[in-house]
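**Q** 3D model of this:
(one chain, ligands or ions: 1)
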Amino acid sequence: MYKTQIIKTKEILKQLISYDVLGGQSNLEIMQYITSILDVHKVDYHFVPNENDTKKSLFCRIGPAVDGGLILSGHTDVVPVEGQEWQSKPFEMIEKDGKLYGRGSCDMKGFLACCLASLDYMKNRVLTKPIYFAFSYDEEIGCLAGPALAKAIKKSFTERPEFAIIGEPTNMQTVIGQKGICVLETTVKGSAGHSSRIMQEVSAIHVAAKLMVWLDNKMVNLKTSGNINNRFIPNHTTLHCGMVHGGIAPNVIADTCTFYWDIRVIPEDNVHEIIDEFISYTKEVETELKQRYSLAEINTSINHPPVPPLGTTEDSAIIPLIQKITGNNALTTVAYAAEAGQFADEGFKTVICGPGDIAQAHRANEFIEISQLEACLNMLENLVDTFSETNNVTTKR
Ligand SMILES: [Zn+2]
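**A** Numbering: from 1, shown residues only. Predicted structure coming up:
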């Protein structure tokens, strides 16, 4: 049965890769392919569409409507291939030296393929606890669909799923912690003029510089007297400004300056508190500026909803389960953002664990090792065994 599983997984992965759904684009066609597999296995499914029905997330349950089930979650979108030097066609899967190449092979259609290829095994056993699939869209442009999907699962079923595995590439290692991220944009409006009049006008660049220094001071403050979590490097929340636009010449006072920045929070910190603190500081500065130039303004906007951190603790009930089904006791953390925190926010005990190496994600010649898919299929098989009747009989307490 093992050999046929991997053949089936490869077939499904090849199809999934052929749908070149980038973050932001419609995913209806790839969803249609996924539902065609669910139909064959007679699995009922539900959708969580976007406003104008051009994209949708999918969720379904395999097994009985009882508490204590586990959600397997992944996204259907991928990142662009523009400007990357691919040696093969990115949306046509090719196999070479035990690796499968193609955009999304690793992040994270390989995981989706393993889930779908395991349906036979799931349906052939008598599950005493349910397994759910939760497949989203627009993950790559800011985990946009995760919150609504996690909420819909919580609301739609009478029973309460307990666990969630987000199958992002971790080389099948268990990730229990992830920093959250929020990306912001701040624009300062000042008054233009000859640079000799700097004391009469409001230089948007000078004001922006002051605000950026605030960000840096705030980070130093968090580092020296804020929360510390040694599971992360660095072990505190960070603030960073990565892009500044403003000004036209050295001798012209800039009337506009915009800077783009982010906050990466550890699970112990609240991103909204930091944003509120920054905003109230900008209000103070703005009041001062208005005395000099009445139209001076400072505005800050959040570029997309903040992605919450994941802070699953080592005593969480998902830890013995994931250790059992992966056969690996190690627990780790990652720096990248994923939908895990969004599922955890809805009360599901969540870890990230999936096939492939994040080092291969988002780059040219993305690949997944077939051995990683095998390890993932093994994990899913162990999950089914753990959740199925015969096993429950033998491990009865
Ligand atoms: Zn991903």
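
**Q** alpha carbons only for contacts and neighbour counts from here, please
**A** Noted.

**Q** residue nearest the centroid of the protein?
**A** For the chain, the residue nearest the mean C-alpha position is Ala338 (1.8 Å; Cα atoms, centre = their mean).

**Q** Would you mind measuring from that one to Phe348?
**A** As judged by Cα to Cα, to the nearest Å, Ala338 and Phe348 stand 15 Å apart.

**Q** who's in contact with the residue nearest to the centre of the chain?
**A** By Cα atoms under 8 Å, 6 or more residues apart in numbering, the contact list for Ala338 reads Glu139, Cys143, Glu168, Gln178, Val307.

**Q** what comes up buried for stretch 322-331?
**A** Ile322, Gln323, Ile325, Thr326, Leu331 (16 or more other Cα atoms under 10 Å).

**Q** hang on, the earlier thing: before we move on, what SS does the residue nearest to the centre of the chain have?
**A** The three-state assignment at Ala338 reads coil, by DSSP: H, G, I helix; E, B strand; the rest coil.

**Q** Next, format the buried residues of stretch 322-331 as TSV and append secondary structure, distance to Glu95 and pLDDT.
**A** Listed next are those as TSV, based on DSSP: H, G, I helix; E, B strand; the rest coil; distance: Cα to Cα, whole Å; pLDDT from 0 to 100:
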residue	secondary structure	distance to Glu95	pLDDT
Ile322	helix	30	98
Gln323	helix	31	98
Ile325	helix	28	98
Thr326	helix	26	98
Leu331	strand	31	96
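
**Q** Residue ranges of each domain in this protein, please.
**A** 2-177+309-394, 180-302 (automatic domain parsing).

**Q** and these, which is most packed in?
**A** domain 2-177+309-394 (a mean of 20; mean count of other Cα atoms under 10 Å).

**Q** who touches Phe135 in this structure?
**A** Listed by Cα under 8 Å, 6+ apart, the contact set of Phe135 reads Ser57, Leu58, Phe59, Ser73, Gly74, His75, Thr76.

**Q** Show me the beta-bridge partners of it.
**A** Leu58, Gly74 (DSSP bridges).

**Q** could you say what helices and strands the longest helix seen in the chain packs with?
**A** Longest helix in the chain, counting residues (DSSP state H): helix 204-225. Helices and strands touching helix 204-225, by 3 or more Cα pairs under 8 Å, 6 or more residues apart in numbering; DSSP states H and E, are strand 180-189, strand 238-246, strand 256-265.

**Q** any idea how far the helix or strand encompassing Gly341 is from the chain center?
**A** Taking DSSP states H and E as the definition, Gly341 sits inside helix 340-345. How far helix 340-345 lies from its chain's middle: 9 Å, per Cα atoms, centre = their mean, to the nearest Å.

**Q** could you dump stretch 297-304 to CSV, C-alpha only?
**A** Provided in CSV are the C-alpha atoms of stretch 297-304 (Å, rounded to 0.1, in the frame of the first residue of the first chain):
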residue,chain,number,x,y,z
GLU,A,297,-0.3,65.6,9.4
ILE,A,298,1.0,62.2,10.4
ASN,A,299,-1.0,59.1,9.3
THR,A,300,-0.2,55.5,9.9
SER,A,301,-2.0,52.6,8.3
ILE,A,302,-1.7,48.8,8.7
ASN,A,303,-1.0,47.3,5.3
HIS,A,304,-2.8,44.1,6.0
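
**Q** That stretch: how far from the chain's middle?
**A** Relative to its chain's centre, stretch 297-304 lies at 23 Å (Cα atoms, centre = their mean).

**Q** Same question for stretch 102-122.
**A** The chain centre lies 17 Å from the centre of stretch 102-122; the measure is Cα atoms, centre = their mean.

**Q** end to end, how far does that stretch reach?
**A** End-to-end for stretch 102-122, by Cα to Cα: 28 Å.

**Q** doesn't Cys241 make contact with Met219?
**A** No: in this structure, Met219 is not within contact of Cys241 by Cα atoms under 8 Å, at 11.6 Å.
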